[in-house]
Each structure stands twice: as structure tokens, then as C-alpha cells.
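> no sequence on this one, just coordinates:
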Ligand SMILES: Cc1cc2nc3c(=O)[nH]c(=O)nc-3n(C[C@H](O)[C@H](O)[C@H](O)COP(=O)(O)O)c2cc1C
């Protein structure tokens, strides 16, 4: 194995000034996201989602951002999954986007709401058929007897919905993270990275620079 102590990267791709950051974190997020897409990064909308039990045991996993508007960040999942159960009991989350090739990280923290059934229906309807059947076939986060179980479920569902018209399972839908903190990190040489943090004070976004 390579020596972990010797693995280090000098960051020099760019900088983040207060002028670049502006006053609206959503505008900056959109700009950085578009740049991640243009740069051809794989899964630019993938982020790590951290949730926790009410007594504070954390868990984290990757999910895909599927919506962004003035309210917040939307992703879709199984409401009965581990994350779904944790969010039901403790509707707060943290998110991390890591756009490594651009030497950038964005952190988001906030409260979480379930999106409307209409919003979940709308997104479910545009998913590929295999994914729509998969939402029924997979009891996400449950222990299953083996891979054959999943494949059998999928095959049975294919015959149940031969025309490809698959209703959205009631246990599948979206969550929206309503941010109260968004932090932008840009790697800089000598570990003097730029960190600009926005916190919402209930009325407006307050901007601060943090030490790296
Ligand atoms: C790149 C990537 C994207 C993913 N996107 C999603 C997603 O949008 N929704 C989802 O439920 N799981 C997604 N997953 C799977 C989750 O990481 C996780 O395995 C699953 O949601 C179960 O998590 P839980 O048991 O903590 O609820 C993705 C995994 C990867 C690696």
C-alpha cells in the first residue's frame, strides 16, 4: 500500500474571493454546479448525505441531487430506508458535494421536509422503466436473502406492469433540504484555502470567511 503520509496534493486551480461569492449562496452554488457539469465531472450532482438518529448516531451515504430551487435541495429515495427512518425521526441533514477535479467542496446543513406527492409523481414518471420497477422491487436497506430475490422481484414486476405504466410506490419519493448553512471551499496553495460560509439568520444570508 502507498504511504498515506506521503499522499498530498497542492491545490492551485483557482480562488474564491468575497467578490466572486456575491451575497446569494444559491447563485454561487448554481455557478459552481454548472462549472462541474461543463468540466465533465462524473456524477456532478452526487453528494454525501448525512443523517442521524435522534440520539445523535450519524450515518452517511451518496445520493443524487434532482432539484434545486429557492427553497432548497431535493433528492429522491425510499422513505422506509435507513435514511428515511432517520429523517422521519430527526428531520435534519448535512450534505457534501466534492468536486475534486475543481478542488472544490460545498457543504450544506438544514432541516428536511418531504416534498409533495405531486412533485414525487412528476419525477418518478420521468425515470427509466427499470428504475421505476426497481423502486418497487427493492426494500431499500432491508436484509434480503440474496441477489436472486431482487432479480425475481424485478422479473415479476415486469410481468405485472407489461405496458410500462408503473405507479409510484407510496414508500418512494423526495425530500428537500432547506438550508440554513452553505459553505464553499476552494483549495489554495500552502493549505491557505478559501472558505466562504453563508448562514441564514431567518431573514437574510450572512456571509463570513472561515479559516481553512
Ligand atoms: C453515486 C451514487 C448515487 C446514489 N444516488 C442515490 C439516490 O439518489 N437515492 C438513493 O436512495 N440512493 C442512492 N444511492 C445509494 C445510496 O448511497 C445508499 O446505498 C442507499 O440509498 C441506502 O442508504 P441507507 O441505507 O442509508 O438509507 C447512490 C449511491 C451512489 C454511489
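Okay, I see it. Fair warning: this is a prediction, and the values are worked out from it, not measured in the lab.

> Tell me the residues of the chain that contact the ligand?
43, 46, 59, 61-64, 75-78, 81-83, 140-141 (C-beta under 6 Å from any ligand atom). Where you see a C-beta, it was placed from the backbone N, CA and C, and this is true even at glycine.

> who wins for neighbours among those?
Of all the residues of the chain next to the ligand, residue 83 has the most neighbours under the rule other C-beta atoms under 10 Å, reaching 24 neighbours.

> give me phi/psi at that one?
The phi and psi values for residue 83, taken as degrees, to the nearest 10, are phi -60, psi -40.

> Check what pLDDT it gets.
Residue-level confidence at residue 83 comes out at 98, pLDDT.

> does it really touch residue 51, like I thought?
Yes. Between residue 83 and residue 51 there is a contact under C-beta atoms under 8 Å: 5.1 Å.

> list the buried ones in whichever strand or helix holds residue 31?
Assigned by DSSP states H and E, residue 31 belongs to helix 25-38. For helix 25-38, the neighbour count (16 or more other C-beta atoms under 10 Å) marks 25, 26, 28, 29, 32, 33, 36 as buried.

> Equivalent analysis for stretch 5-25, please.
For stretch 5-25, a neighbour-count test (16+ other C-beta under 10 Å) marks 11, 16, 21, 25 as buried.

> how long is that stretch end to end?
The straight-line separation of the ends of stretch 5-25 (C-alpha to C-alpha, to the nearest Å) is 35 Å.

> so what's the residue most central in space within the chain bridging to?
Centroid-nearest residue in the chain: residue 47, 4.0 Å away (criterion: C-alpha atoms, centre = their mean). Residues in a beta bridge with residue 47, per DSSP bridges, are residue 63.

> In terms of pLDDT, where does it sit?
If you check residue 47, the pLDDT there is 98.

> hang on, residue 178 in a helix?
No. Assignment of residue 178 by DSSP: H, G, I helix; E, B strand; the rest coil gives strand, placing it outside any helix.

> Hmm, residue 158 is touching residue 133, no?
Yes. The criterion here is C-beta under 8 Å, and residue 158 meets it with residue 133 at 6.3 Å.

> So between these two, which is more surrounded?
residue 133 (21 against 15).

> which element is the more buried one on?
Going by DSSP H and E, residue 133 is in helix 129-137.

> got it, and residue 42?
Using DSSP H and E, residue 42 maps to neither a helix nor a strand.

> quick one: residue 94 from residue 73, how far?
Using C-beta to C-beta, to the nearest Å, we find residue 94 at a distance of 11 Å from residue 73.

> Compare those two (neighbour count), which wins?
Set residue 94 next to residue 73 and count neighbours by other C-beta under 10 Å: residue 73 wins out with 26 against 18.

> Just give the number of residues close to the closest residue in space to that one that isn't next to it in sequence.
Nearest residue to residue 73, sequence neighbours excluded (C-beta to C-beta, 6 or more residues apart in numbering): residue 177, at 4.6 Å. Each residue near residue 177 was counted by other C-beta under 10 Å, and the total is 25.
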